[in-house]
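1. structure, please.
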Amino acid sequence: MRTVTYLTRRSLLSKGALAIVGGAVVGSSAWSSEEELPLVRRVTLSHPSLPQAFDGLRVVQVSDVHAGAFMPPERLEHVRRVVESLSPDLVAFTGDQLDRRAVDAELFVQGFAGLEAPLGVFGVLGNHDHQASPELGIAALDAIGAVPLVNASAVIGASRGRLVIAGVDDLEGSPGRRPDFSVLASHADSFRLVLCHQPRGWRRARRNGAELMLAGHTHGGQIAFPSRGVNLARLSTRYLAGPYRKGNHLLYVSRGVGVGAVPLRYGAPPEVDLITLRRAPLDVA
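-> Numbering: from 1, shown residues only. Here you go, the predicted model:
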């Protein structure tokens with residue numbers, strides 16, 4: 001199984017002991033093969049309540065960018081090219097666009113400024129965006145032309161059926177800032193897609209009527225041994241990566257494209273997600 005390191009040869013000289021870990025795999029297993037990474041994970045989610053007008057809607061989810069020391073401009077540019085190559089109808093950033101520093105907002109904006117999709121680009125904040133500054137995280141989304149959905153919603157469509165895309169603040173937000181799932185309550189006549197950074201918010205999303213929730217946060221475990229059933233994300237959630245169904249509700253968790261403090265992935269490759277929505281009996285494929 002391939003190990004992916006986010007250390008560059010230049011950073012190996014400046015990261016001290018941490019670089020030794022990445023240095024062991026920085027050769028053939030490094031991110032340097034930018035033609036291959038991140039992977040594109042394609043999934044079809046079917047729901048009978050999806051309006052006919054949105055049958056076939058292509059949503060590209062970009063999660064856990066962590067713009068910063070391990071996600072420099074050239075890597076951000078590659079991620080952007082992958083997103084644009086998929087010709088999405090809608091783009092959703094599901095949190096942790098920034099790593100933890102104020103300067104990370106500048107990197108993120110440089111990488112994604114002007115990104116467009118016919119039905120819009122939307123985003124929510126993650127716990128790392130709050131570490132940098134929630135105000136800065138919102139400003140960064142706004143600066144690239146995305147609609148920040150922080151306890152807010154937007155309506156897409158009209159006479160032929162409506163899709164509501166809503167977003168909530170992070171579950172571990174800064175003091176005085178908390179997620180408000182009641183933004184879904186006034187849209188009971190619409191198909192409701194909610195963006196929430198952490199998958200453990202799915203219970204509250206279901207209670208408030210969300211047919212579909214998109215999340216990230218887990219990095220798919222980031223370091224995982226699937227054959228042995230070992231995954232670090234299990235320490236915080238049962239929803240590790242991919243699609244889940246409970247009753248009439250769907251959840252999709254992205255492994256994301258970046259990393260946190262440890263600049264390595266094993267058993268959980270970085271991904272951009274292309275989610276195709278279908279009006280059909282509940283199913284995931």
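2. residue nearest the middle of this protein, spatially speaking?
-> residue 63 (1.9 Å; CA atoms, centre = their mean).
3. which residues does it contact?
-> Counting by CB atoms under 8 Å, 6 or more residues apart in numbering, residue 63 touches 93-96, 197, 215-217, 254-257, 273. Backbone N, C-alpha and C define where each C-beta goes, glycine included.
4. state the phi and psi torsions of it.
-> Here is the backbone geometry of residue 63 (degrees, to the nearest 10): phi -130, psi 150.
5. can you check the pLDDT for the closest residue to it other than its chain neighbours?
-> Residue nearest to residue 63 in three dimensions, not counting chain neighbours: residue 216, with 3.0 Å by CB to CB, 6 or more residues apart in numbering. pLDDT recorded at residue 216 is 98.
6. name all residues that make contact with residue 216.
-> Here residue 216 is in contact with 61, 63, 64, 94, 95, 96, 126, 197, 253, 254, 255, 256 (CB under 8 Å, 6+ apart).
7. can you put those in TSV and add distance to residue 223, secondary structure and pLDDT?
-> Formatted as TSV, those follow (distance: CB to CB, whole Å; DSSP: H, G, I helix; E, B strand; the rest coil; pLDDT from 0 to 100):
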residue	distance to residue 223	secondary structure	pLDDT
61	22	strand	98
63	17	coil	98
64	14	coil	97
94	21	strand	98
95	20	coil	98
96	17	coil	98
126	19	coil	97
197	20	coil	98
253	17	strand	98
254	17	coil	98
255	12	coil	96
256	14	coil	97
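8. and those residues as JSON lines, adding distance to residue 269?
-> Shown next, in JSON lines, are the contacts of residue 216 (distance: CB to CB, whole Å):
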{"residue": "61", "distance to residue 269": "15"}
{"residue": "63", "distance to residue 269": "13"}
{"residue": "64", "distance to residue 269": "13"}
{"residue": "94", "distance to residue 269": "18"}
{"residue": "95", "distance to residue 269": "19"}
{"residue": "96", "distance to residue 269": "17"}
{"residue": "126", "distance to residue 269": "20"}
{"residue": "197", "distance to residue 269": "20"}
{"residue": "253", "distance to residue 269": "14"}
{"residue": "254", "distance to residue 269": "12"}
{"residue": "255", "distance to residue 269": "7"}
{"residue": "256", "distance to residue 269": "10"}
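9. out of those residues, which is nearest to residue 135?
-> residue 126 (14.6 Å; CB to CB).
10. can you give me the strands in the stretch 1-150 of the chain?
-> Secondary structure of the stretch 1-150 of the chain (DSSP state E, counting those that start in this stretch): strands located at 3-5, 39-46, 58-62, 90-94, 121-124, 147-148.
11. distance from the second one to the middle of the chain?
-> Offset of strand 39-46 from its chain centre (CA atoms, centre = their mean, to the nearest Å): 13 Å.
12. contacts for that strand?
-> Under CB under 8 Å, 6+ apart, the answer for strand 39-46 is 82, 86, 212, 242-243, 250, 252, 254-255, 269-285.
13. change it to 7 Å
-> 82, 86, 212, 243, 250, 252, 269-278, 280-285 (CB atoms under 7 Å, 6 or more residues apart in numbering).
14. tell me the buried residues in it?
-> For strand 39-46, a neighbour-count test (16 or more other CB atoms under 10 Å) marks 41, 43, 45, 46 as buried.
15. of the residues you listed, closest to residue 130?
-> Once CB to CB is applied, the member of those that ends up nearest residue 130 is residue 41, at 26.6 Å.
16. tell me the bridge partners for the closest one.
-> Beta-bridge partners recorded for residue 41 (DSSP bridges): residue 273.
17. other residues contacting stretch 265-275?
-> 1, 3-4, 37-43, 45, 58-62, 79, 82-83, 86, 219-226, 252, 254-257, 259.
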